[in-house]
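*Asks:* okay, here's the prediction I keep looking at, along with the sequence it came from:
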Amino acid sequence: MDRVKTRTLSGAEIVIRCLQEEVVEYVFGYPGGAVLFIYDELFKQDKVKHVLVRHEQGAVHAADGYSRSSQKVGVALVTSGPGVTNAVTGIATAYMDSIPMVVISGQVPTKAIGLDAFQECDAVGITRPIVKHNMLVKDVRELASAFKKAFHIATTGRPGPVVIDIPKDVTQAECEFDYPDTVSMRSYNPVRKGHAGQIKKAVQLLLEAKRPLVYSGGGVVLSDSSSQLTSLVKTLGFPCTNTLMGLGAYPGNDPQFLGMLGMHGTYEANMAMQHCDVLLAIGARFDDRVIGDPANFAQNPRKIIHVDIDPSSISKRVKVDVPIVGNIPDVLDEVLKLLKDAQPQAIDAWWKQIGEWRARNCLKYDRSSKIIKPQFVLEKLYEVTGGDAFVTSDVGQHQMWAAQFYKFDQPRRWINSGGLGTMGFGLPAAMGVQLANPGATVACVTGESSIQMCLQELSTCKQYRLPIKIVNLNNRYMGMVRQWQQFFHGNRYSESYMDALPDFVRLAEAYGHRGVLVEKPADVEPALKEAFARKSELVFLDFLTDQTENVYPMIPGGKGITEIILSEEL
Amino acid sequence: MRHIISILVENEAGALSRISGLFSARGYNIESLTVAPTEDASMSRMTIVTSGSDDVVEQITKQLNKLIEVVKVVDLSEAEHIERELMLIKVRAGSKEREDMKRMADIFRGRIIDVSDNTYTIELTGDGHKLDAFIHALDPGSIVETVRTGASGIGRGNRVLRV
């Protein structure tokens, strides 16, 4: 008789083995009581590296930034109770932007569940509305298949975060380890191919269009179909606009690119959106920050083709004429095949119209200012980094200026919290980006309010020698809040001013980094050059910028595209 | 408009709260919800009665389909279907009312399933309108307690919902 004796593994060992099977390079986490056995197993091996953050929110954002910039799955590990509640903001951020992520949370022992045990919380209940899926694994024999499923669900279809909650006793219990090769779920089978008839109809519409527009979003970035998008736009000779999440999917410097659209998008992109006769929407979702009021948008008739992997994104806010549910690269490949010998309409008149809109020069700002203009810093950042940096951002005015002024030519270079709008995202996300792309230039564009929300991660940056360049646009206001208060609340700046700001230079130094204060426009470029030349150091650049500067153009919240406000400079 | 949605869902812990949570998070109505395992114990069948415009109901079915544990979703009210609901109603039945109450139950084809000195408990099955009609036919003062299951639905003829 064969005596093949398989060694049984503990749940904690199984967790690590699963991560190894999934070729996970980094786990971002913070230890605690419920995950001690898992940490013990992490300690005993060196394939999966652990990055110790200073707060669980940072762990999840870092895993998120890692994923966004690398096409890989981000993995975070947190303990029960406060560990998982601290992770909630990060999970919701990833969920809103459809980022593939696996979050492992410890749980109190199964026998203690429901008894208000120390550091107990209903992790599955709390995270249910902000995950693609979550599960509580109560039996060690189900652990391996739970991991296989989690990675499968996170990465297929419309991606998203998956939480695996593991009680402490399950990490101690033992069983044989067998990592499944495949997953089969009768309830989950995402589509790939688009409907051939619908694709034909779409191509027909595209060829008949007189005022066409291609509008693409984060779905193109996530599905790595930026090359198909670019060839499609080139083949057709159509104008193209990207959402905030879609920037970089189409080269930002190309003449067919109209810039970002939406609340702070360019005049030409927004006008083209309103006045086009055929709109090809790809991996975008017509959200409120993009088209504003759907009733206003519907005033101009147009045919809409919408390609998306998630059927629930189609006809959610705007009625669509030709829905195509499918994986974007598969659908675009089919469209490109059908377009091979086709001849689109001449659209010279449309380009002429777009040229007139462009001539409004909607991003113009005062270049002679004696005070540093934030837009100027971003233009210089673009020049100094040769357009080749990974740029993460926090949320607010600086985020919009970065989106407007940094011309992203490649996907996965612009890393920001578009859906949830999470202040504090930028720095920890930059850590993940830097670890996923060692040697790359990583800039975190932030503001003095946002940076303070996850500031503790400066310490993590020191520990792992992450040479991120922090570009702090310090206007001593929560700039976007102040702007809305100026426009819509009679200049009453209620609680949007921060008194007693820290000395960021000394703060950076206290964490062991270099800090630089920049107060004059003439010093902007030299300071950036010097900072980016320091390849192995984190440099915190504190730019004192104009307190009164606003982000233009602006479509006020809830209003239509036609109600766009342009800068008083124009 | 009223819609009756049938769902086949994996019989797993938390599946029900995922579905009810979806309705509350997205602001959809639930008029009633029933759930129990099917002949295949690994799966449950759920019937949700909801109301909303066609656009809203389209979103509801799409969002339900997105849930990982949901196997199939169908809007039964799109075509011919049958609905039934069970009500248990406890009514006053002292010596004076006993005869009348028995007759009323008979008219509605209800069955008296429990008797005490001063109450009857009547079991009544039908669509929601029939159960409403029975309640309205009674003197409100005579009703002690009611419990209703909410509607269960099934398609007519060859219209089936299974894996």
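*Replies:* Structure's in. What do you need?

*Asks:* how long is stretch A:168-179 end to end?
*Replies:* Stretch A:168-179 has an end-to-end distance of 21 Å (criterion: Cα to Cα, to the nearest Å).

*Asks:* repeat for stretch B:65-82
*Replies:* For stretch B:65-82, the first-to-last residue distance is 23 Å (Cα to Cα).

*Asks:* and stretch A:27-38, by the same measure?
*Replies:* End-to-end distance of stretch A:27-38 (Cα to Cα): 12 Å.

*Asks:* count the residues that sit near residue 142.
*Replies:* Reading this off chain A. Per other Cβ atoms under 10 Å in any protein chain shown, the neighbour tally for residue A:142 reads 14. (Each C-beta comes from the backbone N, C-alpha and C, glycine too.)

*Asks:* I was after chain B.
*Replies:* 18.

*Asks:* cool, and the one 5 residues further on?
*Replies:* Here the number of neighbours of residue B:147 (other Cβ under 10 Å) works out to 10.

*Asks:* run through the bridge partners of it.
*Replies:* Beta-bridge pairing for residue B:147 (DSSP bridges): residue B:88.

*Asks:* which one is the residue in chain A that chain B sits nearest to nearest to, not counting chain neighbours?
*Replies:* Nearest residue of chain A to chain B: residue A:312, at 3.8 Å (Cβ to the nearest Cβ). Leaving out its chain neighbours, the residue that sits closest to residue A:312 by Cβ to Cβ, 6 or more residues apart in numbering or on different chains is residue B:62, at 3.8 Å.

*Asks:* swap in residue B:5?
*Replies:* Excluding the flanking residues, the one nearest residue B:5 by Cβ to Cβ, 6+ apart is residue B:48, at 4.7 Å.

*Asks:* and that neighbour, which of the three is it?
*Replies:* Three-state assignment for residue B:48 (DSSP: H, G, I helix; E, B strand; the rest coil): strand.

*Asks:* might one say that it is in contact with residue B:32?
*Replies:* Yes: at 7.3 Å, residue B:48 counts as touching residue B:32 under the criterion of Cβ atoms under 8 Å.

*Asks:* look at these two and report which has more neighbours.
*Replies:* Neighbour count, other Cβ under 10 Å: between residue B:48 and residue B:32, residue B:48 has more, with 26 against 16.

*Asks:* okay, that one: pLDDT?
*Replies:* pLDDT, residue B:48: 97.

*Asks:* who are the contact partners of it?
*Replies:* Residues near residue B:48 by Cβ atoms under 8 Å, 6 or more residues apart in numbering or on different chains: B:4-5, B:7, B:19, B:23, B:30, B:32-33.

*Asks:* pLDDT and secondary structure for these - can I get that in CSV?
*Replies:* Listed next are the contacts of residue B:48 as CSV, based on pLDDT from 0 to 100; DSSP: H, G, I helix; E, B strand; the rest coil:
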residue, pLDDT, secondary structure
B:4, 97, strand
B:5, 97, strand
B:7, 97, strand
B:19, 97, helix
B:23, 96, helix
B:30, 95, coil
B:32, 96, strand
B:33, 96, strand
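
*Asks:* residue A:365 - that's part of a strand, no?
*Replies:* No: under three-state DSSP, residue A:365 falls outside any strand and is assigned coil.

*Asks:* which residues does it contact?
*Replies:* Residues near residue A:365 by Cβ under 8 Å, 6+ apart: A:373, A:375-376, A:549, A:567, A:569.

*Asks:* those residues: which two are farthest apart?
*Replies:* Distance extremes for the contacts of residue A:365: the farthest pair is A:376 and A:567 at 14.4 Å, using Cβ to Cβ.

*Asks:* when these two are compared, which one has more neighbours?
*Replies:* Comparing residue A:376 with residue A:567 by other Cβ under 10 Å, the one with more neighbours is residue A:376, at 22 against 18.

*Asks:* near chain B, which residues of chain A?
*Replies:* Within chain A, the positions lying close to chain B (Cβ under 8 Å from any Cβ of the partner chain) are A:124-125, A:128-129, A:132-133, A:136, A:153, A:185-188, A:310-312, A:315-316.

*Asks:* and the residues you listed, which are buried?
*Replies:* With burial judged by 16 or more other Cβ atoms under 10 Å in any protein chain shown, the buried subset of these is A:124, A:128, A:132-133, A:136, A:153, A:187-188, A:310-312, A:315-316.

*Asks:* closest one of the residues you listed to residue A:495?
*Replies:* Nearest to residue A:495 among those: residue A:128, at 32.4 Å, using Cβ to Cβ.

*Asks:* tell me the SS of the closest one?
*Replies:* Secondary structure assignment for residue A:128 (three-state DSSP): helix.

*Asks:* tell me the pLDDT at whichever residue of chain B sits closest to chain A?
*Replies:* Taking Cβ to the nearest Cβ as the measure, chain B has residue B:62 as its residue closest to chain A, at 3.8 Å. Per-residue pLDDT puts residue B:62 at 96.

*Asks:* you'd agree it is up against residue A:325?
*Replies:* No: counting by Cβ under 8 Å, residue B:62 sits too far from residue A:325 to count as a contact (10.0 Å).

*Asks:* overlap of the contact sets of those two?
*Replies:* Contact criterion Cβ under 8 Å, 6+ apart; residues shared by residue B:62 and residue A:325: residue A:311.

*Asks:* and the two? which has more neighbours close in?
*Replies:* residue A:325 (21 against 18).

*Asks:* what ranges do the strands span in chain B?
*Replies:* Assigned by DSSP state E, chain B shows strands spanning B:2-10, B:32-37, B:43-51, B:70-75, B:81-92, B:111-115, B:119-126, B:143-148, B:152-155.

*Asks:* ok, and what's touching the shortest one?
*Replies:* The contact list for strand B:152-155 (Cβ under 8 Å, 6+ apart) reads B:4, B:6, B:34, B:47, B:74, B:76, B:79-85, B:161.
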